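K.L.:
Quick check, what structure comes out for this input:
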Amino acid sequence: MSLAPFPLGRPRRLRRTPWIRDLVAETRLGPADLIWPIFVREGVDVAEPVASLPGVERLSVDRAVRAAEEAAGLGVPCLALFPYTEAADKNPEATEAWNPENLVCRATRAIKAAVPEVGILLDVALDPYNSDGHDGLVRDGLVLNDETLAALEKMALVQAEAGCDILGPSDMMDGRIGVIRRALEAKGFSDTAIMSYSAKYASCFYGPFRDAVGSAGALQGDKKTYQMDAANSDEALREVAADLAEGADMVMVKPGLPYLDVCARVKGEFGVPVFAYQVSGEYAMIEAAARNDWIDGDRAILETLLAFRRAGCDGILTYFAPRAARLLRG
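P.N.:
Below you'll find the model as predicted:
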């Protein structure tokens, strides 16, 4: 790259005014780049605060429909639904996961009836329903891979039948994308997309999420035998390649900000739609610092979301989605 020497070359010329900075901006961020994760729970007209996620609430199904209406009005195209499952509905076989009347299936049908233009992304993993708190079935302390695949297949099918648009397998079991894709094709759900959590790391940043879905107290041990080691990025490329070969339409990196290098590598290597999840711990840190006036919250939200786009992400799952959309719309 050859640049004119100073004073002929003055990079500050293109930073002089807001309009010229906008004119030459290399990266754009808008409401359409956001997916809003929400938590659903039983009840009517309930909005229950999540203590470790200030500003985030567990919503009854009717309130989830209102959230979808809010998203539509803000230009946020998709909601990701996660259930808060009562202890009585959990067991070692995680059978509530494929109950067609479970929370996320009912919420999906209600939202699609009221706001059909809003997309629904549903998580495919057993941890909200498993009394062991793991993403897969557990026997003698071991998380079982192949036995879990049959459970995930049943879970994915009831979610597709409920009307979800995108399935998000987040379990990190080997081979699950192929099993789910083949099951969808066999049952006539060829248009149901898969956004695979392909590079999901065993991270400390998930704590508030586990509080929100009620799995924190149930978890025995850790998830390091199936979620990825934070030291590895080549491994992420192998995981993405495997999921794409099995039929994934989109891939995700999780968590987000600590793994922007992985986002950039995945986008550069494969050129497929790449998403990142600004996870609960990331949200909680920004929100806590903002509430203590240690940082400017609005600016921190937009700066971090823009960083995902700059790293090559096509979209971001973030609890800040409605707030960010309002900021972006002025």
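K.L.:
going forward, measure contacts and count neighbours with C-alpha atoms only.
P.N.:
Fine.
K.L.:
part of a strand, is Leu79?
P.N.:
Yes: counting by DSSP: H, G, I helix; E, B strand; the rest coil, Leu79 falls inside a strand.
K.L.:
gap between it and Ser233?
P.N.:
Using CA to CA, to the nearest Å, Leu79 is found at 28 Å from Ser233.
K.L.:
And Val251, which helix or strand is it part of?
P.N.:
strand 250-254 (DSSP states H and E).
K.L.:
quick one: the helix or strand that that strand is followed by to strand 250-254, angle?
P.N.:
Once the chain leaves strand 250-254, the next helix or strand it forms, by DSSP H and E, is helix 260-270. Orientation check (axes from the mean of the first three to the mean of the last three CA atoms, to 10 degrees): helix 260-270 against strand 250-254 gives 160 degrees.
K.L.:
Show me what counts as buried in helix 260-270.
P.N.:
By neighbour count on 16 or more other CA atoms under 10 Å, the buried set for helix 260-270 is 260, 262-267.
K.L.:
How about the secondary structure of Ala199?
P.N.:
Following three-state DSSP, Ala199 is assigned to strand.
K.L.:
so what's it bridging to?
P.N.:
Val253 (DSSP bridges).
K.L.:
Quick check: it touching Tyr259?
P.N.:
No: assessed by CA atoms under 8 Å, Ala199 is found out of contact with Tyr259, at 9.6 Å.
K.L.:
which residues do the two both contact?
P.N.:
Common contact partners of Ala199 and Tyr259 (CA atoms under 8 Å, 6 or more residues apart in numbering): Val253.
K.L.:
what about the helices in this protein?
P.N.:
18-23, 61-74, 103-114, 146-162, 176-186, 207-213, 234-246, 260-270, 280-291, 297-310, 321-329 (DSSP state H).
K.L.:
May I see the ones you listed arranged in a markdown table, with mean pLDDT as well?
P.N.:
Formatted as a markdown table, those follow (pLDDT from 0 to 100):
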| stretch | mean pLDDT |
| --- | --- |
| helix 18-23 | 93 |
| helix 61-74 | 98 |
| helix 103-114 | 98 |
| helix 146-162 | 98 |
| helix 176-186 | 98 |
| helix 207-213 | 87 |
| helix 234-246 | 98 |
| helix 260-270 | 98 |
| helix 280-291 | 96 |
| helix 297-310 | 98 |
| helix 321-329 | 97 |
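K.L.:
so which of these gets nearest Gly9?
P.N.:
helix 18-23 (16.6 Å; CA to CA).
K.L.:
Next, the residues that contact the closest one from outside, please.
P.N.:
Taking CA under 8 Å, 6+ apart as the rule, helix 18-23 contacts 14-15.
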